[in-house]
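Trainee: No letters, just coordinates:
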């Protein structure tokens with residue numbers, strides 16, 4: 001009976017120590033097949049099982065898949081210089097051909113059919129006639145509207161992950177991308193915004209309403225071309241706006257027009273360059289563009305924000321790891337020592353360390369570091385989690401041991417009688 005009661009108390013202690021007080025992050029869609037989804041044309045697209053052979057018709061689509069670490073599924077994609085940054089892309093089959101009648105690259109239907117893909121991913125930049133041709137050949141094609149704003153990138157990533165059976169990887173990619181946007185935007189919020197002009201080198205720029213304009217503003221810059229009537233800019237407007245900086249692509253040339261050399265940017269040789277592939281492909285690597293621009297124009301603010309994150313993470317570690325462990329160990333040792341130092345020290349020490357050190361620190365680091373340190377610290381979540389998870393378990397173990405000792409004593413008295 002004594003053993004049964006002791007085991008019952010120990011089981012209760014285990015439940016008390018194992019209860020989680022923290023919240024969990026809800027994941028996105030659960031990947032289940034067969035799957036039926038409606039695409040941009042109103043077509044009901046049926047996918048019977050998780051695709052293993054995928055054709056991506058634009059570089060931005062391939063970028064999404066690479067970001068999910070699912071590139072082994074890609075059998076066909078645009079294979080050109082502008083996709084060479086995707087490791088292993090040169091080993092895929094090129095799926096575009098140049099159409100002289102329209103002066104554009106279009107899907108090479110014959111090559112794509114020969115690849116026998118399980119699904120073809122086609123943003124609405126792809127001519128709808130090409131999509132119809134591929135469908136008539138018996139292929140499953142998902143035709144969708146590409147994002148027109150940064151917020152829409154998350155939806156595209158989520159959808160692509162769902163279609164390919166890569167939901168968890170898509171969730172992680174979305175979290176990393178949006179986390180970078182939010183971190184940079186917060187870091188530069190109070191900084192003076194340099195006036196910049198993006199020059200493609202071909203007489204065009206980026207205006208309000210474009211994704212590239214959002215990249216500039218998210219990085220803490222003022223786009224002088226925001227209100228221009230068209231992407232094909234009027235040189236006189238640029239000269240009149242007198243930008244402080246000009247942004248262009250790596251390896252590219254600036255446009256040439258009268259008065260340009262007299263602007264503050266060119267007079268002081270203030271020219272910043274961006275990766276043309278990442279800047280022009282609508283994918284998760286936009287986060288890299290924003291971070292790199294912020295590094296160029298707001299290096300000190302970004303460094304300060306990172307230092308604050310590191311300091312907050314360090315505070316979480318020292319609070320949850322050492323404070324709880326020390327309190328629990330010393331309390332347990334001093335109490336348990338009078339009864340059975342050898343057994344209690346080895347049990348209580350390892351139990352508290354493993355609970356307080358790995359559980360609390362891991363939860364706090366993953367939450368505070370990537371989401372919002374200041375919010376968590378101000379609401380006291382760090383302190384409450386440390387004391388509840390750590391001290392509660394230690395005191396429960398002590399109570400169990402005291403109860404067990406009392407029961408043993410009672411048993412002995414009965415035996416003596």
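Mentor: That came in fine, so what should we check first? Just so it is clear, the structure is predicted and the values come from calculations on it, not from any experiment. Numbers count the residues shown, from 1 in each chain.
Trainee: so is residue 312 in a helix, a strand, or just coil?
Mentor: For residue 312, the assignment made with DSSP: H, G, I helix; E, B strand; the rest coil gives helix.
Trainee: just so I have it, where are all the helices in the stretch 151-300 of the chain?
Mentor: 167-187, 211-218, 235-241, 264-267, 276-280, 286-297, 299-317 (DSSP state H, counting those that start in this stretch).
Trainee: Least confident of the ones you listed, on average?
Mentor: Note on the helices of the stretch 151-300 of the chain: lowest mean pLDDT is at helix 299-317, with a mean of 83.
Trainee: picking that back up, closest one to residue 57 among the helices of the stretch 151-300 of the chain?
Mentor: Across the helices of the stretch 151-300 of the chain, residue 57 has its closest neighbour in helix 276-280 (16.0 Å, CB to CB). In this view, the C-beta of every residue, glycine as well, is placed from N, C-alpha and C.
Trainee: Which strands or helices does that closest one pack on?
Mentor: helix 211-218, helix 286-297 (3 or more CB pairs under 8 Å, 6 or more residues apart in numbering; DSSP states H and E).
Trainee: still on that earlier bit, would you turn the helices of the stretch 151-300 of the chain into a markdown table with mean neighbour count and distance to residue 137?
Mentor: Formatted as a markdown table, those follow (neighbours: other CB atoms under 10 Å; distance: least, CB to CB, whole Å):
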| stretch | mean neighbour count | distance to residue 137 |
| --- | --- | --- |
| helix 167-187 | 19 | 28 |
| helix 211-218 | 21 | 32 |
| helix 235-241 | 15 | 48 |
| helix 264-267 | 16 | 51 |
| helix 276-280 | 20 | 30 |
| helix 286-297 | 21 | 33 |
| helix 299-317 | 15 | 50 |
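Trainee: closest one to residue 106 among those helices?
Mentor: helix 276-280 (18.7 Å).
Trainee: Make sure I have this right: residue 33 is in a helix.
Mentor: No: secondary structure of residue 33 (three-state DSSP): coil, not part of a helix.
Trainee: now it, nearest residue through space, not along the chain?
Mentor: residue 49 (4.9 Å; CB to CB, 6 or more residues apart in numbering).
Trainee: what about the one you found, neighbour count?
Mentor: By other CB atoms under 10 Å, 10 other residues sit near residue 49.
Trainee: try residue 77
Mentor: 27.
Trainee: Hmm, residue 90 and it touching each other?
Mentor: No: between residue 77 and residue 90 there is no contact under CB atoms under 8 Å: 10.4 Å.
Trainee: And the residue nearest to residue 288 when sequence neighbours are not counted, how far from residue 60?
Mentor: Excluding the flanking residues, the one nearest residue 288 by CB to CB, 6+ apart is residue 278, at 5.8 Å. Computed as CB to CB, to the nearest Å, the residue 278 to residue 60 distance reads 10 Å.
Trainee: next one: residue 305
Mentor: 29 Å.
Trainee: can you tell me which residues contact the closest residue to residue 190 other than its chain neighbours?
Mentor: Take residue 190 and drop its neighbours on the chain: the residue closest to it by CB to CB, 6+ apart is residue 301, 7.9 Å away. Residues in contact with residue 301 (CB atoms under 8 Å, 6 or more residues apart in numbering) are 187-188, 190-191, 220, 294.
Trainee: would you list those residues in JSON lines and tack on distance to residue 200?
Mentor: Below are these laid out as JSON lines (distance: CB to CB, whole Å):
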{"residue": "187", "distance to residue 200": "28"}
{"residue": "188", "distance to residue 200": "24"}
{"residue": "190", "distance to residue 200": "31"}
{"residue": "191", "distance to residue 200": "26"}
{"residue": "220", "distance to residue 200": "21"}
{"residue": "294", "distance to residue 200": "21"}
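Trainee: Tell me, domain by domain, which residues of this structure belong where.
Mentor: 35-176, 188-297, 313-416 (automatic domain parsing).
Trainee: Would you mind giving those domains as CSV with distance to residue 182 added?
Mentor: Converted to CSV, the domains of the chain look like this (distance: least, CB to CB, whole Å):
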stretch, distance to residue 182
domain 35-176, 10
domain 188-297, 9
domain 313-416, 9
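Trainee: Strands of the protein, residue ranges please.
Mentor: Taking DSSP state E, the strands of the chain run over residues 35-38, 44-47, 54-56, 74-77, 93-94, 96-99, 104-107, 119-123, 141-144, 195-198, 222-223, 245-249, 271-274.
Trainee: Against which helices or strands is the third one packed?
Mentor: In terms of contacts (3+ CB pairs under 8 Å, 6+ apart), strand 54-56 is packed against helix 59-67, strand 74-77, strand 119-123.
Trainee: Figure out which of these is closest to residue 178.
Mentor: helix 59-67 (12.8 Å).
Trainee: what does that closest one contact?
Mentor: 54, 56, 71, 73-74, 77-78, 80, 82-83, 86-87, 89, 121, 123, 146, 156-157, 160, 164, 173, 277, 281-285.
Trainee: quick one on the thing from earlier: ok, which of the helices of the stretch 151-300 of the chain comes nearest residue 198?
Mentor: helix 211-218 (6.8 Å).
Trainee: and the angle for that closest one with strand 245-249?
Mentor: Counting by axes from the mean of the first three to the mean of the last three CA atoms, to 10 degrees, helix 211-218 lies at 140 degrees to strand 245-249.
Trainee: just the angle between helix 211-218 and helix 286-297, please?
Mentor: Using the same axes, to 10 degrees: helix 211-218 against helix 286-297 is 50 degrees.
Trainee: Can you check what angle separates helix 211-218 from helix 167-187?
Mentor: 50 degrees.
Trainee: Check which helices and strands helix 211-218 is in contact with.
Mentor: Short answer (3+ CB pairs under 8 Å, 6+ apart): helix 211-218 packs on helix 150-164, helix 167-187, strand 195-198, strand 222-223, helix 276-280, helix 286-297.
Trainee: export these to TSV and tack on distance to residue 36?
Mentor: TSV is the format used below for those (distance: least, CB to CB, whole Å):
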stretch	distance to residue 36
helix 150-164	11
helix 167-187	16
strand 195-198	42
strand 222-223	42
helix 276-280	33
helix 286-297	30
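Trainee: So for residue 30, which of these sits nearest?
Mentor: Nearest to residue 30, of all the helices and strands packed on helix 211-218, is helix 167-187, at 6.4 Å by CB to CB.
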